[in-house]
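Student: Quick one, what's the 3D model for this:
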Amino acid sequence: MIGVAGLLTRRNPLIMLMAIELMWNAANLSLLAFARAWLNNAGQIFAFLVITVAAAEAAIGLAIVLVTFRRARNVDVDEVASLRG
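Tutor: Below is the predicted model:
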């Protein structure tokens, strides 16, 4: 819920990316807890895949924020029209 609240209330893209990372980590904790409870290693494998996707999402998201920040000094997610080529 903290990740969802951060994503919905903040307009800064870096804080939004951190909120998304919080949600990814919450999903990892759930996967690992269920894997431990059911004595199955599949949850650990899925958690590893989630970690790799989260790392790629963070890298691409930060690259988009940097490109947008170079064009305009004020980065606001409501002004995404600047990304339209």
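Student: Report the buried residues of the lengthiest helix in the chain.
Tutor: Using DSSP state H, we find that the single longest helix of the chain is helix 42-71. Buried residues in helix 42-71, counted by 16 or more other Cβ atoms under 10 Å: 43, 46-47, 54, 61, 65, 68. Yep, even glycine has a C-beta here, placed from its N, CA and C like the rest.
Student: Now find how far off-centre it is within its chain.
Tutor: 6 Å (Cα atoms, centre = their mean, to the nearest Å).
Student: which residues are in contact with the helix or strand containing Asn25?
Tutor: Using DSSP states H and E, Asn25 maps to helix 13-37. Applying Cβ atoms under 8 Å, 6 or more residues apart in numbering, the contact partners of helix 13-37 are 2-7, 10, 41-44, 46-47, 50-51, 53-54, 57-58, 61-62, 64-65, 68, 75, 77.
Student: can you tell me which residue is nearest the centre of this structure?
Tutor: Among the residues of the chain, the one closest to the centroid is Ile20, at 3.1 Å (Cα atoms, centre = their mean).
Student: For that residue, give its distance to Arg71.
Tutor: 23 Å (Cβ to Cβ, to the nearest Å).
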